[in-house]
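please find the sequence and the predicted model below.
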Amino acid sequence: MAARLVRRWCLSPLQVVGFPVVQLHTSRTMRASQKDFENAMNQVKLLKKDPGNEVKLKLYALYKQATEGPCNMPKPGMLDFINKAKWDAWNAIGSLPKETARKNYVDLVSSLSPSSESSGRVDKEPGSESVVITSEDGITKIMLNRPAQKNAITIQMYQEILSALEATSKDDNSVITVLTGNGDYYSSGNDLTNFTNLPPGGIEEVAKTGSILLRDFVDCFIDFPKPLIAVVNGPAVGIAVTLLGLFDAVYASDRATFHTPFTQLGQTAEGCSSYTFPKIMGPAKAIEMLIFGKKLTAHEACAQGLVTEVFPDSTFQKEVWARLKAYAKLPPNAMRISKELIRHNEKEKLHAVNAEESTALQGRWLSEECMNAIINFLSRKSKL
Ligand SMILES: CCCCCC/C=C/C(=O)SCCNC(=O)CCNC(=O)[C@H](O)C(C)(C)COP(=O)(O)OP(=O)(O)OC[C@H]1O[C@@H](n2cnc3c(N)ncnc32)[C@H](O)[C@@H]1OP(=O)(O)O
């Protein structure tokens, strides 16, 4: 869904709002600035990198102001996420004159032109896949690979991780499985645009299919039969944090932080954390995290029992992978049977908790609290 949203935004603002290009050739007296404006619109189509939702909303708003003047359209409904964010951006411009809007549009596009793009950050390093799966020395590594989006997890990525876990659980050559992130983040959790591209069944359908996918995804972690290790290379948010309660070891860089801002997002705990977190750290600390959204440092998370060990960032990768390579040489069947002994008494409970949490979230995703939070994130009115 996120990819579809990006593709949609990558269209020129004209295409986004369905305007034919010829509509711009309206006045011979405005030809010079009109020409710049048209060139700028063509430049937008040639941008190599997605400039991000904030910039795209600005471009959209300036385009509308330049061509139609102040926003006097009726405000879209709460459920119409994308059009509401666009309407908000256009409306925020107020009564800016058309010519100023046109100039601002041209200036903004020129600041995004290929020469300024080349000085920007690199998006993806090892491959173009959003989830990269590799196997070496008995270790299956599942790496989240959307560094420019802080490894936010799209619907497709949930499915890919799930398939990778299913495959590796049956692969005799795979002894331990590792989840990690590429870039400065481990993961910023659920991609908040997962809920914005509405199918014919509307937000209710999104909530229903999301809830089923969430339940299947988390079930797969509950049932995973071999040692499962999280290599938390940087900050973790939302579901990337809650799932850690289902891992067998969690190694964290001292740069990592652990943040579950569910209430701020109008959402509720998932990943079985409503059960595992109070068990791991006691109800008082779990409530601070899961209800009040308190962010923990790596050392705090380690003191609370959520993290196994913290390493200095400078030696993190070297130390952790050396240790994992040694672990992967241990007798695999002994590790698998020990894991079964340690975990099997809890499995039924965990599946029941997962079902409850997924149902609760289905309701939350339809709530005004949650919709407002997502709209705020998309229009960048607020940051966590
Ligand atoms: C099947 C469905 C299962 C659902 C399970 C339920 C799961 C729930 C959760 O996981 S709740 C947690 C959701 N995550 C968040 O709320 C985090 C949102 N992101 C942020 O707050 C910030 O981006 C940040 C603190 C992670 C990083 O801030 P900063 O360093 O300032 O970077 P940017 O904000 O500029 O981010 C760069 C770039 O990445 C995009 N991005 C980051 N996180 C997400 C995200 N979770 N969803 C979508 N997009 C994200 C951000 O928009 C920027 O993109 P841009 O450059 O603007 O295109």
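Right, received. Where do you want to start?

look up how far residue 235 lies from the nearest residue to residue 147 once chain neighbours are set aside.
Computed as Cβ to Cβ, 6 or more residues apart in numbering, the closest residue to residue 147 that is not its neighbour in sequence is residue 183, at 2.7 Å. All C-beta atoms are positioned from the backbone trio N, CA, C, and that covers glycine. Using Cβ to Cβ, to the nearest Å, one gets 11 Å for the distance from residue 183 to residue 235.

please list all residues in contact with the residue in the stretch 101-250 of the chain positioned nearest to the ligand.
Nearest residue of the stretch 101-250 of the chain to the ligand: residue 238, at 2.2 Å (Cβ to the nearest ligand atom). Going by Cβ atoms under 8 Å, 6 or more residues apart in numbering, residue 238 touches 188-190, 259-262, 265.

compare those residues and tell me which has the most neighbours.
Neighbour counts for those peak at residue 260, which has 31 neighbours (criterion: other Cβ atoms under 10 Å).

now it. Its backbone dihedrals?
phi -120, psi 80 (degrees, to the nearest 10).

residue 313 against residue 232, yeah?
No. Between residue 313 and residue 232 there is no contact under Cβ atoms under 8 Å: 11.1 Å.

shared neighbours of these two, anything?
residue 253.

thinking again about what came up before, now the residue of the stretch 101-250 of the chain closest to the ligand: phi and psi?
Dihedral angles (degrees, to the nearest 10) for residue 238: phi 60, psi -130.

and what of the one 10 residues further on?
Per-residue torsions, residue 248: phi -90, psi -20 (degrees, to the nearest 10).

count the neighbours of it for me.
Neighbour tally, residue 248, other Cβ under 10 Å: 18.

then residue 202?
Residue 202 has 12 neighbouring residues, counting by other Cβ under 10 Å.

residues in contact with the residue minimising distance to the centre of the chain?
Most central in the chain under Cα atoms, centre = their mean is residue 152, positioned 2.1 Å from the mean C-alpha point. Each residue near residue 152 by Cβ under 8 Å, 6+ apart is listed here: 2, 146, 187-192.

once you drop chain neighbours, what's closest to residue 37?
residue 102 (5.0 Å).

tell me which residues of the host helix or strand of the one you found come out buried.
Residue 102 is located in helix 98-111, with elements delineated by DSSP states H and E. Going by neighbour count (16 or more other Cβ atoms under 10 Å), the buried part of helix 98-111 is 101-106, 108-109.

give the rounded mean pLDDT of it.
For helix 98-111, mean pLDDT rounds to 85.

ditto for stretch 212-221
pLDDT averaged over stretch 212-221 gives 98.

likewise for stretch 245-258?
Stretch 245-258 comes out at a mean pLDDT of 98.

near the ligand at all, that stretch?
No. Judged by Cβ under 6 Å from any ligand atom, stretch 245-258 and the ligand are separated, with a smallest distance of 9.4 Å.

buried residues in that stretch?
So, applying 16+ other Cβ under 10 Å, buried residues of stretch 245-258: 245-253, 255-258.

the residue nearest to residue 316 when sequence neighbours are not counted pairs with what?
The shortest distance from residue 316 to any residue other than its chain neighbours is 4.3 Å, reached at residue 253 (Cβ to Cβ, 6+ apart). Residue 253 has these beta-bridge partners by DSSP bridges: residue 311.

what sits against residue 253?
232-234, 298, 310-313, 316.

same thing but at 6 Å, please
Under the criterion of Cβ atoms under 6 Å, 6 or more residues apart in numbering, the neighbours of residue 253 are 233, 313, 316.

quick one on the thing from earlier: quick one, which of residue 313 and residue 232 is more surrounded?
Neighbour totals were compared for residue 313 and residue 232, and residue 232 leads with 32 against 15 (other Cβ under 10 Å).

tell me if I'm right that that one and residue 252 touch.
Yes. Under the criterion of Cβ atoms under 6 Å, residue 232 makes contact with residue 252 at 4.1 Å.

now do the phi/psi pair for residue 230.
Phi and psi for residue 230, reported as degrees, to the nearest 10, are phi -100, psi 130.

was I right to think it contacts residue 247?
Yes. Between residue 230 and residue 247 there is a contact at 4.7 Å, judged by Cβ under 6 Å.

counting by contacts, list what the helix or strand residue 333 falls within packs against.
Using DSSP H and E, residue 333 maps to helix 332-364. Identification of packing neighbours for helix 332-364 by 3 or more Cβ pairs under 6 Å, 6 or more residues apart in numbering; DSSP states H and E yields helix 202-223.
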